[in-house]
Structure formats: structure tokens, C-alpha cells
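Participant: Here's my sequence, what's the structure:
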Amino acid sequence: MKKIDSLCSVDDDPIYVFTTKRTLEIGEFCNSILVFNDGKEAFDILYSMSVKGEDMPDMILLDLNMPIWDGWDFLNEFSKLTLPKKITIYIVSSSKHPEDIYKAKKYSLVSNFIIKPITIDKLKDALNKAR
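Facilitator: This next block holds a predicted model:
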């Protein structure tokens, strides 16, 4: 299985964040995990990291329904950035709505749509498909 250096989780649900972090730690999927509670916070920090030339995450797990900026707001702004490397983005949502899945596919940055809950098998599959 492929291991990445850094992963970013953008989600406002503390239980999901906790279980995802534990799953990532148990599965030894990555060396470090960044966690943000909304899309605006994630964008601001990742934008700052990009401008400063700091290492960006290899993968982003992005929820759709969050306060302040939702996943769509994040994607709209993040897709405008010129990034130093390709970042794999997975939408991770409890939504099974076909419109959300269809809309996610319109973003070239989005690799796939994962229905919550996230599992070790789903993470393994995502990592193996990433770059």
C-alpha cells in the first residue's frame, strides 16, 4: 500500500474527524494530518502555505456540508490557485444525492466521491488510486 506524507481533512463533525484520524493512524496511511473545521479556514491556511512555499498536503478529504464555507466554496476558490504540486482531493460526504456526485465530477481537482463513513478499505483504495 502507498503511504503519503501529509493529508488534510476538512470537516466540521468532531466524531468524523476523530474516527478518521484514528483510522489514518491505525492504517499508517500518512506521516501527518492537518484538520480544519470549515472550508474558509482550510483555504486560508493552505493558501498561506502555498504562498510561503511550505509543503502542501498530498491529499485532501473534503466534506460538503460545513458552516462558513462549505466544500463547494472551498473547491471554487482552491481551483483558482496555482499549486506547486498536484493535490488529490476526495469529497467525503454523507450525501448520496446524484446531483452532488455529478457536480463533484465537474471539478478537475476532485478524484472521487466517498460516501461516509470512511473505512480503512476506502482509504486504501483512495491512496492506491492517488497519483
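Participant: All the strands of this structure, residue numbers only.
Facilitator: 4-10, 30-36, 59-62, 88-93, 110-115 (DSSP state E).
Participant: among those strands, which is the most enclosed?
Facilitator: strand 59-62 (a mean of 26; mean count of other CB atoms under 10 Å). Quick note: C-beta positions are derived from backbone N, CA and C, even for glycine.
Participant: Give the rounded mean pLDDT of it.
Facilitator: Strand 59-62 comes out with an average pLDDT of 95.
Participant: re earlier: can you tell which of the strands of the chain is closest to Thr19?
Facilitator: strand 4-10 (10.6 Å; CB to CB).
Participant: which residue packs closest to Leu34, ignoring adjacent ones?
Facilitator: Cys8 (4.3 Å; CB to CB, 6 or more residues apart in numbering).
Participant: Which neighbouring residues are in contact with the one you found, exactly?
Facilitator: 33-36, 42, 46, 57, 59-61 (CB atoms under 8 Å, 6 or more residues apart in numbering).
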